[in-house]
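In: one predicted model, sequence on top.
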There are 2 protein chains.
Amino acid sequence: MNRFADDHKAIHRGRKYDQVLAGARQVFMADGFEGASVDEIARVAEVSKATLYKYFPDKRVLFMEVANTECQRQASRAMDSIDRAAPPREVLGQTGRHFLGFITSKFGQQIFRICVAESDRFPELGRNFYESGPAVMRTEMAAYFAEACARGELAIDDYVMAADQFGELCKADLWMRLIFGVIHEVGAADIDRVVDHAVETFLARYGT
Amino acid sequence: MNRFADDHKAIHRGRKYDQVLAGARQVFMADGFEGASVDEIARVAEVSKATLYKYFPDKRVLFMEVANTECQRQASRAMDSIDRAAPPREVLGQTGRHFLGFITSKFGQQIFRICVAESDRFPELGRNFYESGPAVMRTEMAAYFAEACARGELAIDDYVMAADQFGELCKADLWMRLIFGVIHEVGAADIDRVVDHAVETFLARYGT
DNA sequence: TTGGAAGTGAACCGATCTGTTTATACGGTG
DNA sequence: CACCGTATAAACAGATCGGTTCACTTCCAA
């Protein structure tokens, strides 16, 4: 992200800002919050520790900055490639595969891991992540459900609850074993299988 | 300092074992894994650090022991309080309420938090937790489903998948917002509402 | 009575970490 | 050229932590 505010003041101010942020992102993703040391971040960012501390008052703020930018980036990329006019079975399948693909990716896992772990000490971090991540999908899906119900394609009493249920159904079997290291990879076949089951169960309740 | 008067009921071997475990449980739950210091655990357990290290080779094993005992306690308690011969709607409701009650409890959340966070650096920790926690419920439920299907009360093709789906359905709406600090408490009414929705959706697909 | 196992408290070790400071170098501008 | 903001490397400060060691006490049982 560019520092627009600095543009009119001085080119040199904040040259290394993005470098620091990129290095921090990499190291935090690799080692978590506690596991990441500021020295390592500075080394990976190819920046001196003094410079790092000139831009960020402490490690916490640096991490929050990384987490925020990442969450927003993922959120904007979340619901865009879905045709809301298609039949529900197809919309649900596409959405489920996209969603499950993300949360089973290395990156999705790690961001979840860190946010879960640190949302105890930094409550606003967890809240921020939820609002700009899961909550977005939730409201988007709820909105779609309202449309589909109006078209008579679905019969849902509680849109938000239904959206959450579908999201949770997509996690069955794979996600927990992945997050706890019981399995290490999921193939497209696994994702399809779980999503198909999720769609089937969902439509058994809410289909028309 | 002998603050405790005569301990007339002296057990020779492992007198302090449970003390250590109880103290560890308390401190881990309050501070997380990294946040908890062995000194603090020893102090809270009212035990010397040397004694602690006589029972447990290191901090990680100590935590795993805490997590294991708690998971087993919860799993056995859950299975004992359920009448597997009752109608599916009732069995599912009881199981769901118990399960959701545990994972939304302060202890359940914290255990999950720590295991998620540390299962990256200590894979056996996550695996161990999964096997002695979620996996137990999964297989137990799958076994029940097999019985119920044999009685014609349910119609399930994949018992394990169905068990996982039900578990995930129970998390809808509440669990994620809790784990990320969006909400801080859940009442019995919330739990009932979510479990009712879960049972309804589950039976729409698998009921007879 | 005495041996030995269990427990204690405190010092200690080595490692790591965050955050600061210092002395120095680079690079563009007046 | 001199000036000044930015950057650097490296040492440093202050603290914590996991884990070990040791001299000493307690208490039961043979």
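Out: Yep, it's here. This structure is a prediction, so every number in the text was calculated from the model and none was measured. Numbering: from 1, shown residues only, chains lettered A, B, ... in the order given.

In: out of the helices and strands in chain A, which is least certain?
Out: helix A:59-76 (a mean of 82; mean pLDDT, DSSP states H and E).

In: ok, residues contacting the helix or strand following that helix?
Out: Remark: after helix A:59-76, the chain's next helix or strand is helix A:88-103, criterion DSSP states H and E. By Cβ atoms under 8 Å, 6 or more residues apart in numbering or on different chains, the surrounding residues in contact with helix A:88-103 are A:74, A:78-79, A:81-84, A:86, A:108-109, A:112, A:137, A:141, A:144, A:148, A:153-154, A:166-167, A:170-171, A:174-175, A:191-192, A:194-196, A:198-199, A:202-203, A:207. All C-beta spots, glycine's among them, are computed from the backbone N, C-alpha and C.

In: buried ones among those?
Out: A:74, A:78-79, A:82, A:108-109, A:112, A:137, A:141, A:144, A:148, A:153-154, A:166-167, A:170-171, A:174-175, A:191, A:194-195, A:198-199, A:202-203, A:207 (16 or more other Cβ atoms under 10 Å in any protein chain shown).

In: need the three-state assignment for the nearest residue to A:Arg177 once chain neighbours are set aside.
Out: Excluding the flanking residues, the one nearest A:Arg177 by Cβ to Cβ, 6 or more residues apart in numbering or on different chains is A:Ile183, at 4.8 Å. Following DSSP: H, G, I helix; E, B strand; the rest coil, the label given to A:Ile183 is coil.

In: so A:Ile183 sits right up against A:Trp175, yeah?
Out: No: here A:Ile183 does not reach A:Trp175: they are 10.1 Å apart, not a contact under Cβ atoms under 8 Å.

In: next one: the residue in chain A positioned nearest to chain B from A:Lys54, what distance?
Out: In chain A, the residue that lies nearest chain B is A:Ala117 (3.2 Å; Cβ to the nearest Cβ). For A:Ala117, the distance to A:Lys54 equals 28 Å [Cβ to Cβ, to the nearest Å].

In: which of these two has more residues huddled nearby?
Out: Taking neighbours as other Cβ atoms under 10 Å in any protein chain shown, A:Ala117 and A:Lys54 compare with A:Ala117 leading, 25 against 14.

In: next secondary structure element downstream of the strand or helix carrying that one?
Out: Assigned by DSSP H and E, A:Ala117 falls within helix A:106-118. Reading on from helix A:106-118 to the C-terminus, the next helix or strand found by DSSP H and E is helix A:123-132.

In: contacts only, for the residue nearest to A:Cys149 when sequence neighbours are not counted.
Out: Counting by Cβ to Cβ, 6+ apart, A:Cys149 lies nearest to A:Ile156, which is 5.5 Å off, once chain neighbours are set aside. Contact analysis of A:Ile156 by Cβ under 8 Å, 6+ apart lists A:Phe145, A:Cys149, A:Ala162, A:Tyr206.

In: where does chain A dip in pLDDT?
Out: A:1-14, A:75, A:78-79 (pLDDT under 70).

In: out of the contacts of helix A:88-103, which touch DNA strand C?
Out: Among these, proximity to DNA strand C is found for none (Cβ under 7 Å from any atom of the strand).

In: near chain B too, which of the residues you listed?
Out: Of the residues in these, proximity to chain B by Cβ under 8 Å from any Cβ of the partner chain holds for A:Phe112, A:Gly167, A:Lys171, A:Val194, A:Ala198, A:Phe202.

In: return the residues of chain A in contact with DNA strand C.
Out: So chain A meets DNA strand C at A:Ala36, A:Ser37, A:Val38, A:Asp39, A:Lys49, A:Ala50, A:Tyr53, A:Asp58, A:Lys59, A:Arg60 (Cβ under 7 Å from any atom of the strand).
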